[in-house]
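**Student:** Okay, here's the prediction I keep looking at, along with the sequence it came from:
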Amino acid sequence: MFTRFGDLPVEVRLQIWRLSMPIEDEQEICVMPRDLLPRDQDIDRDILPFLRYTSHLAVYTAFPVLMHVCNESRAFVKDSKRSGVNFKNVPDGRGSFFPVPSRKFRPDLDILYLPPFAYHDDNTNLVALYNIIQKPDVKDFLARLRYVAVAHSEIPDFVAHHIIEHCYSLQNLSIVFAHTAQQGNWDHMFEAPGGRCKLQALAENPEENTLSPWQQQVSFEELESPSPGQQFLAEYCAKLNEAGEEAFPKIYRNGPEEYLGDQWDHHFNYFMGFSIQAVTFIEYTGDGWAEKCGNRMYRLDETWYEAAGFDHNGQPL
């Protein structure tokens, strides 16, 4: 053991701490707040919070190991100018805040969780979202996203029209359940985590809960014990393709060359180029990672579906 470390010049010790910091970023999740969309018909006036948010996206990260080495290394990490680690204050649920490491959101690496925008008292938010997506800055932002997550209750028709259509670089779409045992009831919602979180596959083997939209004909009836999300994914993929088959010929009347992305196969009429997986949120507690969203579930008002033009299975009326 090197016992003379404290005798080294301060500049040398700081350089050692700096070289001990992680080099590679770990994939993290950014949970977009539900209240960003304007509730007023004056879209241009109320869109500013959304534009500011997407311009300054950040993700929570793990505390560097140096935070647990000694007082000097901890002080180095907390000095953002030297370590490059930024901190954001996060509520602890008891009226206080504590600093958590964060960094800038990377659209090529990180996952953006989009809250259930479609579920509101009226369709004002859908109109707002449509107008927001047409903004050049937002279109460019969506086009660079590779990993997107949505709640299992988000209607496939909405996902196809308002998300996949604009995410030209999409590689993976995560369907998030409230907890592992949930069976995918469309009217069961949950509040997403407010702090650092991860996505965990519903099945022990992630490959069992991953499908591609062109595999929508896959049947799991032959499996002795299918995982909770497998049949749901198969049905979800089929509904996505149905929505795409109806929407894309109407939107891109001049053919597939008008569409900038490669997710839609105009010959077979299905989405391609990305995979879909069934997952759930896990949040860090003092004892490790655990599922918590199941404790924050609620149901939609039954009148919402009819007002929005959908039945309880998420199908257009």
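**Tutor:** Cool, got the structure.

**Student:** Helices of this protein, start to end?
**Tutor:** Chain-ordered helices for the chain, with DSSP state H as the definition, fall at 10-19, 43-46, 48-55, 71-78, 80-83, 124-133, 136-143, 156-159, 230-251, 303-308.

**Student:** Report whether the expected contact of Ile175 with Ala278 is present.
**Tutor:** Yes - the criterion here is Cβ atoms under 8 Å, and Ile175 meets it with Ala278 at 5.3 Å. (Each C-beta comes from the backbone N, C-alpha and C, glycine too.)

**Student:** Outline the domain layout of the chain.
**Tutor:** What automatic domain parsing lists as the domains of the chain is 1-25+67-99, 32-57+105-308.

**Student:** and these, which one's lowest on average pLDDT?
**Tutor:** Ranked by mean pLDDT, the domains of the chain end with domain 32-57+105-308 at the bottom, a mean of 72.

**Student:** Regarding this protein, what is its longest strand?
**Tutor:** Scanning the chain for the longest strand, with DSSP state E as the assignment, gives strand 275-285.

**Student:** Would you list the strands that that strand pairs with, along with their directions?
**Tutor:** strand 172-177 (parallel), strand 197-201 (antiparallel), strand 210-211 (antiparallel), strand 288-290 (antiparallel) (DSSP bridges).

**Student:** Next, format those strands as a markdown table and append distance to His267 and mean neighbour count.
**Tutor:** Shown next, in a markdown table, are these (distance: least, Cβ to Cβ, whole Å; neighbours: other Cβ atoms under 10 Å):
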| stretch | distance to His267 | mean neighbour count |
| --- | --- | --- |
| strand 172-177 | 22 | 22 |
| strand 197-201 | 32 | 18 |
| strand 210-211 | 20 | 21 |
| strand 288-290 | 43 | 11 |
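
**Student:** Of all those, which one comes closest to Leu142?
**Tutor:** Judged by Cβ to Cβ, the one of those that comes nearest to Leu142 is strand 172-177, at 13.1 Å.

**Student:** Beta-bridge partners for Tyr113, please?
**Tutor:** Going by DSSP bridges, Tyr113 forms beta bridges with Val31, Ala149.
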